[in-house]
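Engineer: Next input, structure requested:
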Amino acid sequence: QVQLVESGGGLVQPGGSLRLSCAVSGRTLDYYAIGWFRQAPGKEREGVSCISSSTGRTSYADSVKGRFTISRDNAKNTVYLQMNSLKPEDTAVYYCATSCVAPRAGYWGQGTQVTVSS
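Structural biologist: Take a look at the predicted model:
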């Protein structure tokens, strides 16, 4: 059974940084593209970033370009999302999933809360 577990969320001041981790078990990481998504209260879920399974090609939402960096460590079966220069509007529950396209993701993590506030 494939499982994804996010960690690394928390409370941070504006301008601060966090690194989220998505640990995958049950299948080797290189089988999947991994996407990060987020959902803020009262808002629809949105895609944040994605990394492909084969080439490692990355993509980012316009709202996070230049501030967030996605990476993967296949040896650790983990994908990371380094978030810098955080803004209050980044506050959301962040999820990782086994696709860059949410409806195609067969597996999701439980989510980790990120709160950016002074």
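Engineer: tell me the centre residue of this structure?
Structural biologist: For the chain, the residue nearest the mean C-alpha position is Trp36 (3.0 Å; CA atoms, centre = their mean).
Engineer: In what element of secondary structure is that one found?
Structural biologist: Trp36 is part of strand 34-39, with elements assigned from DSSP states H and E.
Engineer: and that strand, how far from the chain's centre?
Structural biologist: 5 Å (CA atoms, centre = their mean, to the nearest Å).
Engineer: and the gap between Gly106 and Pro41?
Structural biologist: Per CB to CB, to the nearest Å, Gly106 is found 26 Å from Pro41. (C-beta placed from N, C-alpha, C; glycine too.)
Engineer: re the thing from before, what residues sit buried inside the strand holding Trp36?
Structural biologist: Across strand 34-39, burial judged by 16 or more other CB atoms under 10 Å covers Ile34, Gly35, Trp36, Phe37, Arg38.
Engineer: That one: partners in the sheet, and parallel or antiparallel?
Structural biologist: Paired with strand 34-39 in the same sheet, following DSSP bridges, are strand 46-51 (antiparallel), strand 92-97 (antiparallel).
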